[in-house]
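[1] one predicted model, sequence on top.
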Amino acid sequence: MLKPLGDRVILQVEKEQEKTIGGIVIAGNAEEKPSTAKVVAVGNGYLLQDGTITPLSVKVDDEVIFDKFAGNEVKHNGEDFIVVHEKDIIAIVE
């Protein structure tokens, strides 16, 4: 598994296959990038100038909303993930 460093968070976006009323499948590249995902790993936190570490606000298994164009897409063991900084996460879905 991937282990993020610092204030980074690894997200897994579940891709849903979209169909129109007529049953036509919409190509994946025609859809907008999803902005909700599940947190699968979190880094240690922010390193402050005095050397202390501030933990992150999100935890594993949280469902979050993130900035549409945030992060880097990574493929690991055949699965797609997005690595973002915590500042790119807008909200936790409760």
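    Thanks, I have it.

[2] need the helix or strand of this protein with the lowest average pLDDT.
    strand 46-47 (a mean of 90; mean pLDDT, DSSP states H and E).

[3] may I have the strands that pair with it, each with its orientation?
    strand 53-54 (antiparallel) (DSSP bridges).

[4] what's the first helix or strand after the partner strand?
    strand 63-66 (DSSP states H and E).

[5] so which elements touch that following strand?
    Helices and strands touching strand 63-66, by 3 or more Cβ pairs under 8 Å, 6 or more residues apart in numbering; DSSP states H and E, are strand 8-12, strand 36-42, strand 89-93. Where you see a C-beta, it was placed from the backbone N, CA and C, and this is true even at glycine.

[6] from the chain's centroid, how far away is the second one?
    What that stands for is strand 36-42. Here strand 36-42 shows a centroid-to-chain-centroid distance of 5 Å under the convention Cα atoms, centre = their mean, to the nearest Å.

[7] what is that strand packed up against?
    Packed against strand 36-42 by the contact rule (3+ Cβ pairs under 8 Å, 6+ apart) you find strand 8-12, strand 63-66.

[8] mind checking which of these is nearest residue 83?
    strand 8-12 (5.5 Å; Cβ to Cβ).

[9] shaky segments in this structure?
    The model of the chain has pLDDT under 70 over residues 15-34.

[10] without its sequence neighbours, what residue ends up closest to the spatially most central residue of it?
    The residue lying closest to the centre of the chain (Cα atoms, centre = their mean) is residue 11, at 2.8 Å. Counting by Cβ to Cβ, 6 or more residues apart in numbering, residue 37 is the residue found nearest to residue 11 once chain neighbours are left out, at 3.7 Å.

[11] highest mean neighbour count out of the helices and strands packed on strand 63-66?
    Burial of the helices and strands packed on strand 63-66 is given as mean neighbour count (mean count of other Cβ atoms under 10 Å); strand 8-12 ranks first at a mean of 22.

[12] can you list contacts of that one?
    Under the contact criterion Cβ atoms under 8 Å, 6 or more residues apart in numbering, strand 8-12 has outside partners 2, 4, 37-43, 56, 58, 64, 66, 71, 74, 79-86, 89.
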